[in-house]
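K.L.:
Predicted model and sequence below, questions to follow.
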Amino acid sequence: MFHSIVPPYLLEQLEQSAGDPSVRARIRQSLQHDAVLRTRPAAGRETAAAEGGRQRKVYDAQNGTDLPGTLVRSEGQDAVQDQPVNQAYDGTGATWTLYKECYGRDSIDGSGLVLVSTVHYDRGYANAFWDGSQMVFGDGDGTIFGNFTSSIDVTGHELTHGVTQYTANLDYQGQSGALNESISDVFGSLAKQYSLKQSAADADWLIGAGLFLPGVQGVALRSMKAPGTAYDDPRLGKDPQPADMSGYVDTQDDNGGVHINSGIPNHAFYLVATAVGGNAYDDAGKIWYETLTGGSLASSATFKDFAEATQATARTLFGDNSTQLAAVTDAWQAVGVLGDQTTLMHAAQTDLHTTTPPSAPPDSPARQ
């Protein structure tokens, strides 16, 4: 299954609004590649040696599209002169380390899967993706987006699609698809936080910080702390993510708004992590990880299903009267998933007329 970090609606907005014809052409080419990749089966996976442990391989596509490309760095080898190669190596390593040291998981599949990455994919490719077997990074278009290997949380996000693939296998549509995206954001952020040894209070809670080049009015692709505030740029439009169910976007675009409505469970996790305090990869992360991998989550799970499952996990791990269970319950109530069924929440759970994701007018001021 093809999962990309930059949602299609954002690239479509750029393709229409960018003033520079060369930028529009590069974005259009990225969109066309993504459309083809969604229909392409993943290559066969490569497993680690019998002794297990962290195993990484980084390949160079040399601005072509044949995968995986030419092998340029393997596990244990020294850094090379090519920065994206080293960043891919470090980012996949940081993600492996989070899963192993915090949750006891041996790589993405739990059985020592080699973490394969390809850098320098295509020319001006403005995205990064997990294709069901490996990570692929573009160099960016050079005007809006820089190199996609630069953010550990992007790498962690995409590799976590693999973890979900091997565990709950959440359907990539509607609320289950938004949960799929949110879980990737959660563990992408946790990979960065664990690597930097940041507490929940110290973390920036941004996904893709550093991807935007100077001149773009935005700080990241998404904000878990404050969904809807990550960017507000004449070319990008305004970040459409809601922070709670009152802003749920009912749409057929983007597989039913999977990159948009993921802001709701994202914000719930942020609220849990900051309420519990300490390190988000500890108690809050364990609740989300055990819920994802415990075997009780249906592939078609809704937000409410997931919320109730995290309550059950928190109760099992920490007890009925625990701070952790109270934080989980309070967070899901705060974002409108648990508690009173409001009209807007009811509407979000039914099949209504579809709308397109909101976007800002060309003269929209940047949010500070």
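P.N.:
Perfect, I can see it now. This structure is a prediction, so every number in the text was calculated from the model and none was measured.
K.L.:
rest of the way, CA atoms for contacts and neighbours
P.N.:
OK.
K.L.:
where are the low-confidence patches of this structure?
P.N.:
The chain contains residues with pLDDT under 70 at 38, 40-52, 340-368.
K.L.:
Could you export stretch 113-123 as CSV, CA atoms only?
P.N.:
Output in CSV follows, covering the C-alpha atoms of stretch 113-123 (Å, rounded to 0.1, in the frame of the first residue of the first chain):
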residue,chain,number,x,y,z
LEU,A,113,12.7,-6.7,8.6
VAL,A,114,15.6,-4.9,7.0
LEU,A,115,14.9,-1.2,6.8
VAL,A,116,15.4,-0.3,3.2
SER,A,117,15.5,3.3,2.0
THR,A,118,15.9,4.9,-1.4
VAL,A,119,17.1,8.5,-1.7
HIS,A,120,17.2,10.9,-4.7
TYR,A,121,14.1,9.4,-6.2
ASP,A,122,13.2,11.1,-9.5
ARG,A,123,14.0,14.8,-10.2
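K.L.:
Going forward, the N-terminal residue is numbered 16.
P.N.:
Sounds good: first residue 16 from here, last item stretch 128-138.
K.L.:
what's that stretch in contact with?
P.N.:
Contacting residues not belonging to stretch 128-138 are listed as 60-63, 69-80, 82-84, 99-100, 103-104, 107, 121-123, 148-154, 164 [CA atoms under 8 Å, 6 or more residues apart in numbering].
K.L.:
Quick one: buried ones out of these?
P.N.:
Using 16 or more other CA atoms under 10 Å as the burial test, the contacts of stretch 128-138 include 63, 69-76, 78, 82-84, 99-100, 103-104, 107, 121-123, 148-154, 164 as buried.
K.L.:
re the thing from before, of the contacts of stretch 128-138, which belong to helices?
P.N.:
Residues of the contacts of stretch 128-138 located in helices (DSSP state H): 99, 100, 103, 104, 107.
K.L.:
would you turn those residues into TSV with distance to residue 322?
P.N.:
Shown next, in TSV, are the ones in helices among the contacts of stretch 128-138 (distance: CA to CA, whole Å):
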residue	distance to residue 322
99	38
100	38
103	33
104	34
107	29
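K.L.:
quick one: the helices in this structure?
P.N.:
Counting by DSSP H, the helices of the chain are 23-32, 36-52, 98-118, 167-181, 189-211, 268-272, 278-291, 298-308, 318-333, 338-349, 358-363.
K.L.:
To residue 226, which of the ones you listed lies closest?
P.N.:
Evaluated over those, closeness to residue 226 peaks at helix 167-181, with 9.4 Å, by CA to CA.
K.L.:
Quick one: neighbours of residue 16, just the number.
P.N.:
When neighbours are counted by other CA atoms under 10 Å, residue 16 registers 18.
K.L.:
now the one 10 residues further on
P.N.:
Residue 26 sits with 20 neighbouring residues when counted by other CA under 10 Å.
K.L.:
Quick one: residues contacting it.
P.N.:
Counting by CA under 8 Å, 6+ apart, residue 26 has contacts 42, 43, 46.
K.L.:
Run a quick check on the last one versus residue 25, I expect a contact.
P.N.:
Going back to what we said before, that points to residue 46. No: counting by CA atoms under 8 Å, residue 46 sits too far from residue 25 to count as a contact (10.1 Å).
K.L.:
Which one's more surrounded, the two?
P.N.:
residue 46 (21 against 18).
K.L.:
residues contacting residue 286?
P.N.:
Applying CA under 8 Å, 6+ apart, one finds that residue 286 lies in contact with 240, 342, 346.
K.L.:
Now the residue lying farthest from the centre of the chain: phi and psi?
P.N.:
Ranking residues of the chain by C-alpha distance from their mean position (CA atoms, centre = their mean) puts residue 336 at the top, at 32.0 Å. Per-residue torsions, residue 336: phi -100, psi 20 (degrees, to the nearest 10).
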